[in-house]
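got a structure for you, letters missing:
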């Protein structure tokens, strides 16, 4: 059962060949190119200049990562909203920040120039508003002038000492961004301009959250978590405790749990259950292995517990799922056969 959000992105990128990022200029011209040697993903990036000092971009990606290159503007501020999937920046200064659906990040453009975007769920859609603060101050739109918005103050308030910041998903951010994602092409420039002004007015009267917001972690910590994740994904049949993982990778348990959830959006147990059930569904569709064999291959010694976990995920029992996909189950394996 593929997540609906993944299918949404796949549908949008259906005509983009693997290894290609299609950049769309303001006049609608498409420029397909590989963003890096040996890149195997697919993506589309649309650019919309709004007013002096402000550019909106809309990004869709299928893949694990994407190079992120732009000028290291000392007065630049980038504001990013995640709609689907998860996204993380491996920034300069050795920090990495991850967003999930509905989250908003703000960071100086100097710290994300020549950085790497990572997509731990292998898909992403989101908007970014890139601001040249000095240019914007010199040509402030009337609505922002009326609201006494100081772009330089936004940079100082949310990103003191040049560090990234984030706001967690909330209803008022959803109110700003939700209308933007499914607009007809002819309405986008006007709508994007209005919504960019609304966002800046909103941020001008919003204080950075003291708790509950996504946090930036040391990139070294994130690399350890990615290695742990790869280890777990490669062996769904094995059961391992958080304490054992922490000892093996020289990380305390609280840090391991918090960084894993920040990167992948779920606690380890929930993430592993989802992966095990997806793997079980694949085996039910593509093999004639018995239900008991499949249960063991995804880490369940008890077949009834496996069946209950599968039904909790897919709302049907494994036998019903297999029948619906037209696979004839085999009997128990004969251990004497190769």
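Thanks, I have the structure now. Since we're looking at a predicted model, the values are computed, not measured.

now do the helices in the stretch 201-338 of the chain.
Taking DSSP state H, counting those that start in this stretch, the helices of the stretch 201-338 of the chain run over residues 219-234, 242-248, 253-264, 268-286, 291-297, 303-314, 318-324.

where does pLDDT dip in the stretch 51-200 of the chain?
70-74, 112-113 (pLDDT under 70).

mind putting the helices of the stretch 201-338 of the chain into JSON lines with distance to residue 16?
Backbone N, C-alpha and C define where each C-beta goes, glycine included. Below are the helices of the stretch 201-338 of the chain laid out as JSON lines (distance: least, C-beta to C-beta, whole Å):
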{"stretch": "helix 219-234", "distance to residue 16": "26"}
{"stretch": "helix 242-248", "distance to residue 16": "37"}
{"stretch": "helix 253-264", "distance to residue 16": "25"}
{"stretch": "helix 268-286", "distance to residue 16": "24"}
{"stretch": "helix 291-297", "distance to residue 16": "34"}
{"stretch": "helix 303-314", "distance to residue 16": "30"}
{"stretch": "helix 318-324", "distance to residue 16": "31"}
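
ok, which of the ones you listed comes nearest residue 149?
helix 253-264 (30.6 Å; C-beta to C-beta).

tell me which residue is most central in this structure.
The chain has residue 86 as the residue nearest its centroid, 1.1 Å off, counting by C-alpha atoms, centre = their mean.

so who does that one touch?
98, 99, 100, 101, 119, 120, 121, 124, 263, 264, 265 (C-beta atoms under 8 Å, 6 or more residues apart in numbering).

before we move on, the earlier item: how about TSV for the helices of the stretch 201-338 of the chain, with distance to residue 212 and mean neighbour count added?
Converted to TSV, those look like this (distance: least, C-beta to C-beta, whole Å; neighbours: other C-beta atoms under 10 Å):
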stretch	distance to residue 212	mean neighbour count
helix 219-234	20	16
helix 242-248	23	14
helix 253-264	13	18
helix 268-286	19	17
helix 291-297	38	18
helix 303-314	28	16
helix 318-324	38	17
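
closest to residue 197 out of these?
Taking the helices of the stretch 201-338 of the chain one by one with C-beta to C-beta, helix 253-264 is closest: 31.1 Å.

which elements pack onto the closest one?
helix 219-234, helix 242-248, helix 268-286 (3 or more C-beta pairs under 8 Å, 6 or more residues apart in numbering; DSSP states H and E).

returning to that earlier point: let me know the closest of the contacts of residue 86 to residue 154.
residue 99 (18.4 Å).

report the beta-bridge partner residues of the nearest residue to the closest one once chain neighbours are set aside.
Excluding its sequence neighbours, the residue lying closest to residue 99 (C-beta to C-beta, 6 or more residues apart in numbering) is residue 82, at 4.1 Å. With DSSP bridges as the criterion, residue 82 is bridged to residue 126.

surely residue 82 meets residue 101?
Yes - using C-beta atoms under 8 Å, residue 82 is in contact with residue 101, at 5.8 Å.

for the helices of the stretch 201-338 of the chain, which one sits closest to residue 169?
When those are compared for distance to residue 169 using C-beta to C-beta, the nearest one is helix 253-264, at 13.9 Å.

quick one, the closest one and helix 268-286 angle?
Inter-element angle recorded for helix 253-264 and helix 268-286: 50 degrees (by axes from the mean of the first three to the mean of the last three C-alpha atoms, to 10 degrees).

just how off-centre is helix 253-264 within its chain?
16 Å (C-alpha atoms, centre = their mean, to the nearest Å).

for the stretch 201-338 of the chain, give me the ranges with low pLDDT.
328-338.

thinking again about what came up before, now the residue nearest to the centre of the chain: phi and psi?
Note on residue 86: backbone dihedrals following degrees, to the nearest 10 are phi -140, psi 150.

neighbour count for residue 82 and residue 101, which is higher?
When neighbours are counted by other C-beta atoms under 10 Å, residue 82 and residue 101 differ, and residue 82 comes out ahead with 23 against 17.

so what's that one up against?
Residue 82 neighbours (C-beta under 8 Å, 6+ apart): 99, 100, 101, 102, 103, 104, 105, 124, 125, 126.
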